[in-house]
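Undergrad: Quick one, structure for this:
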Amino acid sequence: MKNLFIILLLSSFVLHGQNKKIAFISNIESGNNDNLQKLSVLIDSLNNISGIDHLIITGNLSYTSDENDYILLNELLNSLKIPYSILPGENENKNYAYDWANYFDKIEGDNLLIETSDFLITAINGYLPYSDYEHFSIENLSWLGSTLKENVRNRSIISILPFSLSDGISNEGGYLSIIKSNKIGLIIQPTQGKSSNEIIDRVRVVSLQEGFFDSKGNIYYHLMSLNGNFISISKITLDGSEDKLETIDLSVDISTSEKQTPDIGNRLSNALLKIETNTSTHSRPLRTKERIFTFSEEGIISCYDTTGTQKWDYDSYGNSLSSPVIENGIVTIANLNGDLSSISQLDGEQIQTIGFSEPIITDLLTIEYKGNKELMIPKLNKSNTAIVFGSISGKLSCYDLETLQEYWVNTSAKGLILNRPLNADNKIFFTSRDGFLYSIDSRSGLMIWKWRESNNNEVTDGSPISDGKKIFVLSKDGTLSGIDLLLGKTEWKLNKRNIFDKIALSQDNKYIYAKSDSNKFLVINCDKGTIIKEIKLNFNLDKFPSDILQNENAIYFASGKSLYSIDNKYKVTQILSNENGVINYLELFNKKIMISDLNGRITIINEP
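TA: Numbering: from 1, shown residues only. Next up, the predicted model:
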């Protein structure tokens, strides 16, 4: 696996001279034989056209996300006589977040920089790892900002996006702030419709039609010509026709009365504590009575006291998406290098580390081991606490917490396991990218049953939940199912609601709380799967799978950067607008709420 630090993954090119021409294609979707045949025809044509200096490929490279798709595509692209760059799509990020570029001989990483005498062309990856959620990481934004500031020759700047700008993109405001402060000339983004142009926040935006062939099979590419202050963009079809789309004079001022992005206010005046780590963080923070622990994507776990003062940190030397656990004074962490490490909660000193041959990507889970396997190395205490975690290949493993010795490994799943497994009734339940929900005996590691809603409707990556009698899980079409915990049989299902990939139980285990894409908050009966209450929200729900929590006072849920409460009369109130980033985790304690976001901020506020 390549060095995983996002900021270092860069493909850089210098095109000498003036009057440069750059071609664009998107959504190759290798794996579809017809697509590869058309791409081969296009490459042959580009090889015989003089004057094209570079090819930029955006969008999904693979249709099936099978590694053979990338191998075949690499072989085909190697026949291209001009240099090329790739800005990966959601399929690559969802399945090969950190190592997709390993399949390509001429690609170094996600971010892109092309320099000419008059222009600076940049692009950054825009997805969360192993997800199709659109997000600009603060590391990528930092790279973009510093790169543009170093544009000492005052060249015109063109920014290429992997998706269209919308209010739903995480950290979009940070991106636009960098763009405006550096006087960028043009943003190029994809669109499913016809190519068009508009002005957003005083920046020119051109939307290019996705793909490289139309519904009639006509193969095309877009060609951008750069000459001084002028940019011209055309759609070229291989039959020889040219559709001139845009001619832009960057020396001409543009109106300030065009479409503006909304200004999101900041309401953090009631914060009791803020901890700023300023690094991408996908892990759930840990809290004890006297300490708070954060674990960044860079693989650094940090310990803070209740005033926000850092007490220690520990570098695991590998990126991480896993949430750590604390038991018996030991902090246990895992990373994408396959390292499982135990650390002293007191001073951050490493106790021990064991390595595995593949990335560990699930949140860690602690259980009380009740099996009968005897360990080779004697334990110093009588604790039976064990660690359960999943890997990128679908292995689910159980290891002793104290000695990190193996209890069992289950290999039933054939796809990666992304989210935290569930422990209930001497069983471990988890979902896999192979489409199934699994039930595993927590004592032996043997599979009890596996389930999915139908042959063509796989489960999501979301963690299952349980009321002690049934397991509740979502399928990719938004169907919520209740499954008998012991038998793995469907008890009920609720469909046609397009429920988002994060559900929660009420305190009394009688109800399921869920968000749907119709901007409704749902209260669902656990026994029958019927909707008890449907709350229409007056704002658009963000699809990020953030926490939903409940106590005796209210239900709390996040949507994007905002935190909301629902009282006992089902009144919805916004209680926090977090300008720092999209909220991912919540924790209720002592009439307080701890809030974390994707950009590494921890905020503690009083319950309203």
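Undergrad: what's the neighbour count on Met376?
TA: 7 (other Cβ atoms under 10 Å). All C-beta spots, glycine's among them, are computed from the backbone N, C-alpha and C.
Undergrad: For it, list the residues it contacts.
TA: Gln405 (Cβ atoms under 8 Å, 6 or more residues apart in numbering).
Undergrad: Please, which helix or strand holds it?
TA: Under the criterion of DSSP states H and E, Met376 resides outside all helices and strands.
Undergrad: Can you give me the distance of it to Gln405?
TA: Per Cβ to Cβ, to the nearest Å, Met376 is found 7 Å from Gln405.
Undergrad: do Ile387 as well
TA: Remark: distance between Ile387 and Gln405 (Cβ to Cβ) = 11 Å.
Undergrad: Looking at the two, which one has more neighbours?
TA: Ile387 (23 against 15).
Undergrad: helix/strand/coil for that one?
TA: Following DSSP: H, G, I helix; E, B strand; the rest coil, the label given to Ile387 is strand.
Undergrad: After the longest helix anywhere in the chain, heading C-terminal, what element do we hit next?
TA: Longest helix in the chain, counting residues (DSSP state H): helix 33-47. As assigned by DSSP H and E, the chain's next helix or strand after helix 33-47 is strand 54-59.
Undergrad: What strands flank that next one, and is each parallel or antiparallel?
TA: strand 20-26 (parallel), strand 84-88 (parallel) (DSSP bridges).
Undergrad: one step back: need the residues touching each of Ile387 and Gln405.
TA: Counting by Cβ under 8 Å, 6+ apart, the contacts common to Ile387 and Gln405 are Tyr399.
Undergrad: on that earlier part again, now render the strands paired with strand 54-59 as JSON lines, adding distance to Arg202, mean neighbour count and mean pLDDT.
TA: Below are the strands paired with strand 54-59 laid out as JSON lines (distance: least, Cβ to Cβ, whole Å; neighbours: other Cβ atoms under 10 Å; pLDDT from 0 to 100):
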{"stretch": "strand 20-26", "distance to Arg202": "24", "mean neighbour count": "22", "mean pLDDT": "93"}
{"stretch": "strand 84-88", "distance to Arg202": "24", "mean neighbour count": "23", "mean pLDDT": "91"}
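Undergrad: how about the longest helix of the chain: buried residues?
TA: Neighbour counts over helix 33-47 (16 or more other Cβ atoms under 10 Å) mark Asn35, Leu36, Lys38, Leu39, Leu42, Ile43, Leu46 as buried.
Undergrad: For the fourth one, give me the pLDDT.
TA: Spelled out, that is Leu39. Model confidence at Leu39, given as pLDDT, is 95.
Undergrad: List the residues that contact it.
TA: Contact partners of Leu39, counting by Cβ under 8 Å, 6+ apart, are Ile28, Ser30, Leu73, Leu76, Phe212.
Undergrad: who wins for most neighbours among those residues?
TA: When neighbours are taken as other Cβ under 10 Å, the top entry among those is Ile28 (27 neighbours).
Undergrad: Would you verify that it is located in a strand?
TA: No. Secondary structure of Ile28 (three-state DSSP): coil, not part of a strand.
Undergrad: That one touches Glu210, doesn't it?
TA: No. At 10.8 Å, Ile28 and Glu210 do not qualify as touching, with contact defined as Cβ atoms under 8 Å.
Undergrad: any residues in contact with both of these two?
TA: Shared contacts of Ile28 and Glu210, defined by Cβ under 8 Å, 6+ apart, are found at Gly59.
Undergrad: quick revisit: in CSV: the contacts of Leu39, plus distance to Asp99 and pLDDT.
TA: Shown next, in CSV, are those (distance: Cβ to Cβ, whole Å; pLDDT from 0 to 100):
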residue, distance to Asp99, pLDDT
Ile28, 19, 93
Ser30, 17, 87
Leu73, 15, 93
Leu76, 20, 94
Phe212, 25, 95
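Undergrad: Could you list the low-pLDDT ranges of the stretch 51-200 of the chain?
TA: Counting by pLDDT under 70, the stretch 51-200 of the chain shows low-confidence ranges at 152, 167.
Undergrad: Kindly recompute the last result at 80.
TA: Scanning the stretch 51-200 of the chain with the threshold set as pLDDT under 80 gives 64-65, 98, 108-110, 151-154, 166-168, 183.
Undergrad: And the strands in it, which stretches?
TA: For the stretch 51-200 of the chain, the strands defined by DSSP state E, counting those that start in this stretch cover 54-59, 84-88, 111-115, 119-123, 156-160, 186-191, 196-200.
Undergrad: wait, which of those strands is closest to Tyr438?
TA: Closest approach to Tyr438 among the strands of the stretch 51-200 of the chain (Cβ to Cβ): strand 84-88, 29.6 Å.
Undergrad: just the angle between the closest one and strand 156-160, please?
TA: Calculated by axes from the mean of the first three to the mean of the last three Cα atoms, to 10 degrees, strand 84-88 forms an angle of 50 degrees with strand 156-160.
Undergrad: By mean pLDDT, point me to the weakest helix or strand of this structure.
TA: Least confident helix or strand, the chain: strand 10-14 with a mean of 53, by mean pLDDT, DSSP states H and E.
Undergrad: How about the residue nearest the centre of the chain: what's its closest non-neighbour residue?
TA: For the chain, the residue nearest the mean C-alpha position is Leu128 (2.1 Å; Cα atoms, centre = their mean). If you skip the residues right next to it in sequence, Leu128 has His135 as its closest partner in space, 4.8 Å away by Cβ to Cβ, 6 or more residues apart in numbering.
Undergrad: re earlier: any chance of a markdown table for the buried residues of helix 33-47, columns distance to Leu141?
TA: Output for those, formatted as a markdown table (distance: Cβ to Cβ, whole Å):
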| residue | distance to Leu141 |
| --- | --- |
| Asn35 | 33 |
| Leu36 | 35 |
| Lys38 | 35 |
| Leu39 | 32 |
| Leu42 | 33 |
| Ile43 | 34 |
| Leu46 | 33 |
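Undergrad: Quick check: Gly228 touching Phe119?
TA: No. In this structure, Gly228 is not within contact of Phe119 by Cβ under 8 Å, at 9.6 Å.
Undergrad: Tell me which of the two has more neighbours.
TA: Higher neighbour count among Gly228 and Phe119: Phe119, with 24 against 14, using other Cβ under 10 Å.
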